[in-house]
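> Got a predicted structure plus its sequence, pasted below:
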Amino acid sequence: MRAFLTSLVLAASVAPAVALDCPDGTRTVLHPLIEGGGACVPVGARIAWVEAAAVNAWLLGAPSVTWNIYLDQFRAAYPGAFSEADRAGAVDIGRLPEADFEAIAAAAPDLFVSGDFWPEENARLDRIAPVVVIDYEGQAPGWREIHTVVAAILGKEAAADEQLAAFDARLADLRARLGPDPGSFAIARMMDSGGQIQVFTEMNFGAQQMLAAGFAMHEGVLSPDEAAALNRPYWYALSTERLGDLAADWLVVLPGWDAAVEEALKASPLWQSLPPVAAGRLIAPAGEGQHWIRDNVAFAHLVLDEIYDRILGLAPPPVPNPFGGWLAGN
Amino acid sequence: MSAVWRVAALRGAIAFEAPVRPLLVLALLGAAIAATALASLLTGSYGLAWSEVAALLARPEAGSMGSTVVWEFRFPRLLAALLTGAMLALSGAILQGITRNPLADPSLVGVSQGAALAVVALIVLWPGAMPGLRPVAAFGGAMAVAALILSLSRGDAGGATLRFVLMGIGVAAFVSAVTGAMLTYGRLEAAQAALGWLAGSLHAAGWGEVRVLALVLLGLCPALVWAGRPISALRFGPEVATGLGLAVQPARVLLVLLSVALAAAAVSAVGPLGFVGLVAPHVAQRLARSGPGLHLVLSAATGALMVGLADLIGRAAFAPLQIPAGLVTALVGSPLFALLILRSQSRRTL
């Protein structure tokens, strides 16, 4: 009896939460990250990806019929990823809450893929075409899970698995070169208000790559739970008087919003005497540093590129970035 | 002495005089509003010929994208713009009348700030809350802050109006500071959502907002009809108003509540739209001097036209980039207000 109940519970936990009865011409997609447990995706659908997953879709070879700021950020890091024609051919919606919904309607998508953080806008989109909602807020998925749900919606699971496997292979090479104890790190960014510095916890995307490469988060950095107690789990504001909390072996400094504030802090004795600064163990990400914040597999490779270069002094990296061809502009 | 039309009916049983210029101005404003409405319905990123728009307005087609664009996006947005503009202008005109302060507007009594604080608190502190709660929170916040200012400015000593104005400025500044602190320390995504609302945008306005705004305005119509008489008496100061038989303190409280209710409903629907409550009554007065009752109507029409135009410009001028109507009203309203002040000053010096 006990064995029967156990098998029943196991079966229930493995079985999908929903049983979709999708009409002809659509594909059934079941995934726990999709709101409601699954969706019917029209075969060959023109999909409008209205948030950051548009980049994941692009990486899997499925351009969105709408353009957004996340694709712009990706283009800034990988200028060769898109041609002018790619951009011109999509309706630019910027950031969804401020988007022109008539322009979106004019793009005539068959399906939208959106996030659960915009319920009002999703309801408006639903008047134009069906909306598949990814449950970001409720489940706080990791970047790999986001890539797999995008792949599931597109029916490109094999391609996603291949991309993730290529990343893991590169990560394994990096780990081997770094050795068992490459040291501790902290990630920070100057805040425009001055007198404060933004410190990222281990939930930050770049921090996750550093941890995966074998680094340890510096003990002076708060845990996500401690940061959440202050307000949010991803980052917290630290007084510049407490810069000593960032005395890690390596300090990643993301570009700040105000260059003058940043320069003033960097000129201060407090900053100059910080151990990683004094030892020249600073990592300054390229460009706007969005690849340390936005999560997708191509940005994860960029983080690895910078670890190879800035920490190991290996440029170009011995195991090349599979998206490296896009680093040069079109 | 301004020209009047003398209207008589039923052999003189009903007779009244109607001032010519204000009525002509009202007719012109009506025509301008109609033209703006037409342009709003015909303009947009989704290509629709005027004949298609006319056909869809006459006969909506279920399942047609054109019908969705006209009936779900353009039409409710237009109506929400006209209603919020009218309500903010009415609110400003009433406040300017009772405080005898030409700078009075809904933000003076903390309506915008109270609504902003409540909505930002809801977004930042309770991110899981249903978006439908935002108008309720905004209305509650606006009314609470206005009630606080009213209660703090009560007193037996004279200068109640000045106390009300100064208390309003102080409390509004405090409330704004609390809102700023929440935006600074809240989650980035929540702060972005709150900033979007604070910009005062009609882009998400739908039939739900239109229904609420229309119901509030219709419900307050009897009070607006009543308001002309006490505003007229209060223009001469509390002593004269008392001499004219007005119970000054209750009338003032009721008028402030009426003004707050109008502005709170508008702000709760679309966010704070700067300068409308301040500028529209001044523009109306410059266009035609009239009694308080007709001035309220002219102000409402001016406010409706201002916001209708601002929204049209904001969504069409740089499409697909959407500029919130609140930014357009502030960008156009502030120089317009400065111009009005300069012109009135030069007339006085001349």
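Cool, got the structure. All values reported here derive from a predicted model rather than from experimental measurement.

> Show me what from the stretch 1-150 of chain A comes close to chain B.
Counting by C-beta under 8 Å from any C-beta of the partner chain, the residues of the stretch 1-150 of chain A close to chain B are A:91-94, A:97-103, A:105-106, A:108, A:117, A:119-121, A:124, A:127-128, A:137. Yep, even glycine has a C-beta here, placed from its N, CA and C like the rest.

> B:Pro238 touches B:Ala247, doesn't it?
No: if you go by C-beta atoms under 8 Å, B:Pro238 and B:Ala247 don't touch, sitting 10.8 Å apart.

> quick one, what contacts A:Asp225?
By C-beta atoms under 8 Å, 6 or more residues apart in numbering or on different chains, the contact list for A:Asp225 reads A:Pro233.

> between B:Pro238 and B:Ala247, who's got more neighbours?
Each of B:Pro238 and B:Ala247 has its neighbours counted (other C-beta atoms under 10 Å in any protein chain shown); B:Pro238 has more, 18 against 11.

> now what about the longest strand anywhere in chain A, what contacts it?
Secondary structure assigned by DSSP state E gives strand A:184-190 as the longest strand of chain A. Under the criterion C-beta under 8 Å, 6+ apart, residues A:197-200, A:204, A:206-207, A:210, A:215-221, A:238, A:246, A:248-258, A:261-262, A:265, A:276, A:289, A:292 lie in contact with strand A:184-190.

> quick check: domain ranges of chain A?
A:14-155, A:171-326 (automatic domain parsing).

> Of all those domains, which one is nearest B:Ser259?
Closest to B:Ser259 of the domains of chain A is domain A:14-155 (C-beta to C-beta; 28.8 Å).

> what does the average pLDDT come to for the closest one?
Confidence for domain A:14-155, expressed as mean pLDDT, is 88.

> Might you list the low-confidence residue ranges for the stretch 151-300 of chain A?
Scanning the stretch 151-300 of chain A for pLDDT under 70 picks out A:192-194.

> Quick one: the helices in it, in order.
Along the stretch 151-300 of chain A, counting by DSSP state H, counting those that start in this stretch, helices occupy A:157-178, A:205-212, A:224-230, A:259-266, A:269-272, A:275-278, A:297-306.

> Let me know which of the ones you listed is tucked in deepest.
helix A:297-306 (a mean of 23; mean count of other C-beta atoms under 10 Å in any protein chain shown).

> can you redo the domains of chain A as TSV with distance to B:Ile231?
Putting the domains of chain A into TSV (distance: least, C-beta to C-beta, whole Å) gives the following:
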stretch	distance to B:Ile231
domain A:14-155	38
domain A:171-326	45
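
> B:Ala338 is in what secondary structure piece?
With elements taken from DSSP states H and E, the one containing B:Ala338 is helix B:325-349.

> Give me the contacts around that helix.
In contact with helix B:325-349 (C-beta under 8 Å, 6+ apart) are residues B:81, B:199-202, B:270-276, B:278-279, B:282-283, B:286, B:306-307, B:310-311, B:313-314.

> next one: it to chain centre, how far?
Averaging C-alpha positions (C-alpha atoms, centre = their mean, to the nearest Å) puts helix B:325-349 17 Å from its chain's average.

> what does stretch A:152-169 give?
That offset, for stretch A:152-169, works out to 16 Å (C-alpha atoms, centre = their mean).

> Same question for stretch A:116-133.
Its chain's C-alpha centre and that of stretch A:116-133 lie 22 Å apart, by C-alpha atoms, centre = their mean.
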